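[1] for reference, the sequence and a predicted model appear below.
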Amino acid sequence: MGGAHGALPAKITCDVAIVGSGAGAGITAELLTQAGLAVVIVEEGPLKSSSDFHQHESEAYPSLYQESASRKTEDKAISILQGRCVGGSTTVNWTSSFRTPESTLRFWQERLGLKDYHREALAPYFDQAERRLHIAPWLTEPNENNALLHRGAQKLGISASVIARNVKGCWNLGSCGMGCPTNAKQSMLVTTIPAALDHGATLLVETRAEQFVLDGGKAQALRCVAVRPNSAPVAPGQIATTIVAKHFVLAGGAINSPAVLLRSKAPDPHALLGARTFLHPVVMSAAVPEQRVEGWAGAPQSIYTDHFMDTQPIDGPMGFKLEAPPLHPVIMATTMPGYGQPHADMLAKFPHTHVLLALLRDGFHPQAPGGQVKLRSDGSAVLDYPLTDFVMEGARRALLAMAEIQFAAGAQEVLPVHERAHPYTSWDAARSAIAALPMKPLLTKVVSAHVMGGCAMAATEAQGVVRADGGHWQIENLSVHDGSLFPTSVGANPQLSIYGIANRLAQGLAQRLTGRAVVLG
Amino acid sequence: MQRRSLLKLGLVSGAVLALAGGAAVLLRPGLEQGRLSASARGLFASLGRAILQGTLPVDAQARSRALAGMVERIDALTANLPPAVQAELSQLLGLLCTTPGRLGLAGLAPAWADASEAQVQAALEGMRFSSLALRQQAYQALHEIVGGAYMSDESTWAALGYPGPLPL
């Protein structure tokens, strides 16, 4: 229902309403329907599937991403890629799958008192998610963009490894970010959401969860509005449907999940709602080796190195993870700095361009506290994320590390993606230039595809929005099952962390609501 | 010196807002129901010529066609932005299309349609490295919209040596 799929009834009654249809929502929907619960899934974006995915950025960005893939932090210094369609970010992500790093879990246990979040306790839930979504190391030869990371790291004695991907019969096209045209990517769109629908769930699309009606410490109902493709309301000020459920699960993704609670004026006695929202701020380095790279072809992000995370304490200067992203025309033209002939020269080298990115691990140090989700006057969400000097110092080290690896791999020139930088033809030249770059927002290109936090789970009420089991501290029948739960960033691409943790939380919820034990798979 | 120039810029932007941020912008927003106004179309054609100089086709007719296509794609892009983002962009474009806005925000003396590529590039350079966040943000937005819209169509991929997606 919703959009062209059919009108919404004024009132819907069900056992559980789930906001969102991405990683956390999909896993939760499959498990709760398996337990026999009547589930309604509310998705703001459209339903698009493989026959709509033509590997064109011009179609994918406006229809499958938040804000046409141009979502920005409040000061416009960080661009955020986040899905907005059935399947959420899992429909458009680059398939990288990592279990939550042990160093992150240790921090959650020791510093935040989340005692149940240790490797052994989570392992069965990760095992199940990996089996369900065909997550396995990518054993095909990496594309040249990734092979360069491997060769450069090897040259410097840095260990680099193969990334696991959630794919089945992957054609190695490299178009993951535009929606998988062959249904090889095991996103929520082709796995848990269809399974939940088979078990009787109802899916509402082009329908935004506007606010909860809260009374007596419980969510009584969820008010939803019908939205146009650009997320403007179809009928301003009009509620399209009101969902009455015994329980509600919020899984609209970080930024959007806390925004629903902010719009609902949910109790927030310790001013934690929307706070500590993390991005893994990303900086990039573009290199040109002699050979063709064709960064658009073949599986993106199949090789990574955690050398720059593992070699320093988690709560010290920021660590970072290195990966090699897919390259396509729109991303290329908007990422390369400058204009006129110098810009044209960079674009002309596109087939030879190799790009590395560094994900900075935020949330583990007082000077990397993340950002705050706020509401604009029209109720839409915006993230205020200050790029502190501490974060930007990590960004400088990341630009240095990437340039060194790229020269070691045979780059003829390296361009740190920064307005004041130029292509440098030797490691020495790059090193001294990067050391002198003003590492300021709006000069340094910073992007993000990993939004986490804002509804942090915590061992005590004073520390978090939800309990360790995902239940809201103040609202009895409301749970949060998405990346907004994380009390720090993950320190790795978050999809498998969300699958595994949502799997555990949803099994617990199914048990509490029905007395029945269900297992993913 | 630093402080004085900051104050000066503050005054300029204050004056711009006073002159153009009131009635003028309210009367002539850059977007009308999410679509580009006529003057915003002219603004993007001028920005496209400057930003994409060296990438655009050399032949004059082909260049005009390429820029016209880009403007159409920007129009489609803005129509699909959420209302809050449209409102912000509309204000920016509206402001840039007024004389005080063009002078204060972009630092460009001639009208967009009359300015040479070099003059527009100099204005862009001023915004790019401005100490005023508003001017830097404007530069980043215009750079992203122009580059992204231009390269989103297969007619422009030859300049990148991009063959397009593998046919299935």
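    Cool, the structure landed.
[2] contacts and neighbour counts: CA atoms only from here.
    Will do.
[3] what's near enough to touch the residue nearest the centre of chain B?
    With distances taken as Cα atoms, centre = their mean, chain B has residue B:142 as the residue nearest its mean C-alpha position (4.1 Å). Residues counted as contacts of residue B:142 (Cα atoms under 8 Å, 6 or more residues apart in numbering or on different chains) are residue B:47.
[4] rerun at 7 Å
    Contacts here follow Cα atoms under 7 Å, 6 or more residues apart in numbering or on different chains; on that basis residue B:142 touches nothing.
[5] cool, residue B:128 as well?
    Contacts for residue B:128 were tallied using Cα under 7 Å, 6+ apart; they are B:136, B:139.
[6] ok, is stretch A:359-376 in contact with chain B or not?
    No - interface with chain B: stretch A:359-376 contributes nothing (Cα under 7 Å from any Cα of the partner chain), its closest point being 7.9 Å away.
[7] ends of that stretch, how far apart?
    The separation between the terminal residues of stretch A:359-376, taken as Cα to Cα, to the nearest Å, is 28 Å.
[8] and the closest residue to chain B within the stretch 1-150 of chain A, which helix or strand is it part of?
    The stretch 1-150 of chain A approaches chain B most closely through residue A:58 (5.2 Å), counting by Cα to the nearest Cα. In this structure, residue A:58 sits in helix A:57-64 according to DSSP states H and E.
[9] residues making contact with that helix?
    Contact with helix A:57-64 is made by A:68-69, A:83-85, A:178, A:330, B:80, B:152, as judged by Cα under 7 Å, 6+ apart.
[10] 8 Å instead, please
    A:45-46, A:53, A:68-69, A:83-85, A:92, A:178-179, A:229, A:328, A:330, B:77, B:80, B:152-153.
[11] could you check how many residues crowd around the residue in the stretch 151-300 of chain A that chain B sits nearest to?
    When Cα to the nearest Cα is the measure, the stretch 151-300 of chain A has its nearest residue to chain B at residue A:230, with 4.7 Å between them. Other residues near residue A:230 come to 21 when the count uses other Cα atoms under 10 Å in any protein chain shown.
[12] also residue A:290?
    Around residue A:290 there are 12 other residues, counting by other Cα under 10 Å.
[13] for the closest residue to it other than its chain neighbours, what are phi and psi?
    For residue A:290, ignoring the flanking residues on the chain, the nearest one in space by Cα to Cα, 6 or more residues apart in numbering or on different chains is residue A:412 at 6.7 Å. For residue A:412, the backbone dihedrals are phi -90, psi -30 (criterion: degrees, to the nearest 10).
[14] now do residue A:367
    For residue A:367, the backbone dihedrals (degrees, to the nearest 10) come out as phi -90, psi 10.
[15] also residue A:472?
    The phi/psi pair for residue A:472 (degrees, to the nearest 10) reads phi -70, psi 140.
[16] how about the contacts made by it?
    Under the criterion of Cα under 8 Å, 6+ apart, the contact partners of residue A:472 comprise A:465-466, A:478-480.
[17] same question, residue A:101
    A:490-492.
[18] most neighbours, which of those?
    Across the contacts of residue A:101, the neighbour count under other Cα under 10 Å reaches its highest value at residue A:490, namely 31 neighbours.
[19] tell me the secondary structure for it?
    Classification of residue A:490 using DSSP: H, G, I helix; E, B strand; the rest coil returns coil.
[20] from residue A:229, how far off is it?
    In this structure, residue A:490 lies at 31 Å from residue A:229, with Cα to Cα as the measure.
[21] got it, and residue A:87?
    On the measure of Cα to Cα, residue A:87 and residue A:229 end up 16 Å apart.
[22] go on, residue A:345?
    Using Cα to Cα, residue A:345 is found at 36 Å from residue A:229.
[23] residue B:80 too?
    In this structure, residue B:80 and residue A:229 are 7 Å apart, going by Cα to Cα.
[24] so how far is chain A from the residue nearest to the centre of chain B?
    Relative to chain A, residue B:142 is positioned 10 Å away (criterion: Cα to the nearest Cα, to the nearest Å).
[25] so what pLDDT did that residue get?
    Looking at residue B:142, its pLDDT is 98.
[26] how far out from the middle of the chain is whichever strand or helix holds it?
    Remark: residue B:142 resides in helix B:133-151, with elements defined by DSSP H and E. Relative to the centre of its chain, helix B:133-151 is centred 7 Å away, using Cα atoms, centre = their mean, to the nearest Å.
[27] put the alpha carbons of it into PDB.
    What follows is helix B:133-151, C-alpha atoms only, in PDB (Å, rounded to 0.1, in the frame of the first residue of the first chain):
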ATOM      1  CA  ALA B 133      31.400  29.900   5.400                       C
ATOM      2  CA  LEU B 134      28.300  31.100   3.500                       C
ATOM      3  CA  ARG B 135      30.400  31.800   0.400                       C
ATOM      4  CA  GLN B 136      32.300  28.500   0.700                       C
ATOM      5  CA  GLN B 137      29.100  26.600   1.100                       C
ATOM      6  CA  ALA B 138      27.700  28.400  -2.000                       C
ATOM      7  CA  TYR B 139      30.700  27.400  -4.000                       C
ATOM      8  CA  GLN B 140      30.500  23.800  -2.900                       C
ATOM      9  CA  ALA B 141      26.800  23.600  -3.800                       C
ATOM     10  CA  LEU B 142      27.200  25.100  -7.200                       C
ATOM     11  CA  HIS B 143      30.300  22.900  -8.000                       C
ATOM     12  CA  GLU B 144      28.400  19.800  -7.000                       C
ATOM     13  CA  ILE B 145      25.200  20.600  -8.800                       C
ATOM     14  CA  VAL B 146      27.000  21.600 -12.100                       C
ATOM     15  CA  GLY B 147      29.500  18.700 -12.100                       C
ATOM     16  CA  GLY B 148      27.000  16.100 -11.000                       C
ATOM     17  CA  ALA B 149      24.200  17.100 -13.400                       C
ATOM     18  CA  TYR B 150      26.600  17.400 -16.400                       C
ATOM     19  CA  MET B 151      28.100  13.900 -15.900                       C
END
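[28] give the buried residues for stretch B:147-165.
    Of the residues in stretch B:147-165, those scored as buried under the neighbour-count criterion (16 or more other Cα atoms under 10 Å in any protein chain shown) are B:147-153, B:156-157, B:159-162, B:164.
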